[in-house]
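> My questions concern the predicted model and sequence given below.
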Amino acid sequence: MNKLFLDELNSILNSDQIRLNEPMSQHTSLHIGGEADYMVMPSSIGQIRQVILLCKKHNIPYYVMGNGSNLLVSDSGYRGLIIKLCEYFSGISIGDDGIVKAQAGVLLSRLSAAIAENSLTGFEFAAGIPGSLGGAVTMNAGAYGGEMKQCLLSATVMDSEGEIHVLSNEDLKLGYRTSILQESDFCLLDATLRFEKGDKQKIMDKIRELNSLRRMKQPLDKYSAGSTFKRPEGYYAGKLISDAGLKGFQIGGAAVSEKHCGFLINKDNATARDFVALISEVIRIVEEKFGVRLEPEVKFLGQF
């Protein structure tokens with residue numbers, strides 16, 4: 001542990017915003033992952049900037065995360081600092097014109113509830129997605145025919161020098177589960193969204209309908225990172241995996257969900273090694289049988 005770095009970190013953040021040797025299994029929906037050397041939970045843009053510049057000064061790697069719903073952390077953890085944007089950085093502002101601005105750490109479930117409460121339509125698809133806004137923009141998250149690209153006006157980001165930039169929808173180059181943010185050192189701070197006025201009851205009914213579909217079709221009672229693989233063009237990953245006879249297939253504590261084969265689950269105290277082995281084997285078998293190579297949607301952090 002770098003004492004000088006830690007002393008300077010303590011001058012930026014309150015003690016309840018800093019954690020040392022933090023088990024990442026407590027911060028991912030897979031409940032997998034070793035310890036991160038440092039974790040901080042900043043509450044302002046100023047704190048984020050100071051932390052990033054401090055990491056640069058001391059040559060300490062950092063990684064920005066949200067709710068950890070699409071993240072697989074190695075068993076050895078992360079040798080560096082995790083900037084977790086969560087409830088400390090989750091403000092929402094909703095204007096009368098349907099313009100919504102929200103900080104990156106807000107959960108999509110909370111954001112969608114606030115948008116629905118204001119009788120705005122167009123974000124119903126996101127109500128059941130378990131991630132944060134920052135992760136959703138970075139991944140151009142989507143479900144049931146909707147995606148972030150459809151409602152996003154712009155995003156405010158910070159680069160590794162602490163400089164702030166505003167990127168338009170076009171600048172972000174949003175595609176299927178991808179954006180320019182995945183290939184850059186930008187830390188997403190907030191996003192501005194636009195919605196139309198709608199009928200509040202119909203909006204609420206749509207959210208309930210979609211959440212009911214999720215409960216019926218997805219293993220929401222199991223630890224997972226959501227859909228493990230991107231949808232191959234012209235196919236569905238879950239159907240390919242099922243047709244390959246891999247329903248319930250298990251390596252160590254990691255398994256293919258029997259409820260929805262597109263979800264790989266932490267069935268029995270799985271390790272990251274179990275998960276990587278299962279992902280690799282599923283990719284191999286599906287490609288062998290159907291000539292289609294699946295691409296993981298889950299993000300990997302640490303040494304594998």
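Looks like it arrived, so ask away. Since the structure is predicted, the reported quantities are computational estimates derived from the model, not experimental observations.
> Next secondary structure element downstream of the helix or strand where residue 157 lies?
Here residue 157 sits within strand 152-158, counting by DSSP states H and E. Next helix or strand after strand 152-158 toward the C-terminus (DSSP H and E): strand 164-168.
> what comes up buried for that next one?
residue 167 (16 or more other Cβ atoms under 10 Å). Every C-beta, even on glycine, is put in place using the N, C-alpha and C of the backbone.
> Next, the angle strand 152-158 makes with that strand.
160 degrees (axes from the mean of the first three to the mean of the last three Cα atoms, to 10 degrees).
> Against which helices or strands is strand 164-168 packed?
strand 152-158 (3 or more Cβ pairs under 8 Å, 6 or more residues apart in numbering; DSSP states H and E).
> Please work out which residues outside the strand it packs on touch it.
Strand 152-158 has contacts (Cβ atoms under 8 Å, 6 or more residues apart in numbering) with 45, 48-49, 52, 99, 137, 164-169, 171-172, 174, 181, 186-194.
> Show me which positions of that strand end up buried.
Buried-residue list, strand 152-158, by 16+ other Cβ under 10 Å: 152, 154, 155, 156, 157, 158.
> Show the contacting residues for the nearest residue to residue 126 once chain neighbours are set aside.
Spatial nearest neighbour of residue 126, excluding adjacent residues (Cβ to Cβ, 6 or more residues apart in numbering): residue 108 at 4.6 Å. Applying Cβ under 8 Å, 6+ apart to residue 108 gives the contacts 126, 127, 129, 130, 131, 132, 133, 136, 141.
> nearest to residue 211, of those?
Ranked by distance to residue 211 (Cβ to Cβ), the contacts of residue 108 are led by residue 127 at 6.3 Å.
> Kindly state the beta-bridge partners for residue 103.
residue 190 (DSSP bridges).
> what sits against it?
Residue 103 sits next to 85, 89, 90, 91, 92, 133, 189, 190 when contact means Cβ under 8 Å, 6+ apart.
> can you rerun that using 10 Å?
Applying Cβ atoms under 10 Å, 6 or more residues apart in numbering to residue 103 gives the contacts 43-45, 85, 88-93, 111, 132-134, 156, 188-191.
> Residue 48 now?
Residue 48 neighbours (Cβ under 10 Å, 6+ apart): 12, 40, 42, 64, 83, 85, 89, 104, 158, 162, 187, 189.
> Now with 7 Å, please.
Residues in contact with residue 48 (Cβ atoms under 7 Å, 6 or more residues apart in numbering) are 42, 83, 158, 187.
> and the first one, how many neighbours?
Using other Cβ atoms under 10 Å, residue 42 has 23 neighbouring residues.
> what helix or strand does the residue lying closest to it once chain neighbours are set aside sit in?
Sequence neighbours aside, residue 48 is the residue nearest to residue 42 in space, at 4.8 Å (criterion: Cβ to Cβ, 6+ apart). Element membership for residue 48 (DSSP H and E) is helix 45-58.
> tell me the pLDDT at residue 1?
Looking at residue 1, its pLDDT stands at 79.
> The nearest residue to residue 117 once chain neighbours are set aside and residue 98: what is the separation?
The shortest distance from residue 117 to any non-neighbouring residue, by Cβ to Cβ, 6+ apart, is to residue 200 (7.7 Å). Separation of residue 200 from residue 98 (Cβ to Cβ, to the nearest Å) stands at 14 Å.
> neighbour-wise, which of those two wins?
residue 98 (19 against 14).
> Isn't that one up against residue 192?
No - in this structure, residue 98 is not within contact of residue 192 by Cβ atoms under 7 Å, at 11.1 Å.
> one step back: from the contacts of residue 103, keep the buried residues only.
Buried, going by 16+ other Cβ under 10 Å: 43, 45, 85, 88-90, 92, 111, 132-134, 156, 188-191, out of those.
> okay, and the helix or strand of this protein with the least pLDDT?
For the chain, counting by mean pLDDT, DSSP states H and E, strand 142-143 ranks last in confidence among helices and strands (a mean of 94).
> hmm, who's touching the helix or strand just after it?
Beyond strand 142-143 on the C-terminal side, the first helix or strand identified by DSSP H and E is strand 146-147. Contact partners of strand 146-147, identified using Cβ under 7 Å, 6+ apart, comprise 125, 126, 140, 141.
> at 10 Å instead, please
122-126, 129, 136, 139-141, 174-177, 210.
> Among the buried ones among the contacts of residue 103, pick out the one closest to residue 35, please.
residue 85 (19.8 Å).
> how deep is the residue nearest to that closest one when sequence neighbours are not counted tucked in, by neighbour count?
Leaving aside its sequence neighbours, residue 85 sits nearest to residue 105 (Cβ to Cβ, 6+ apart; 3.7 Å). Neighbourhood size, residue 105 [other Cβ under 10 Å]: 26.
> give the contact list for residue 105.
41-43, 65-67, 84-91, 132-135, 188-190.
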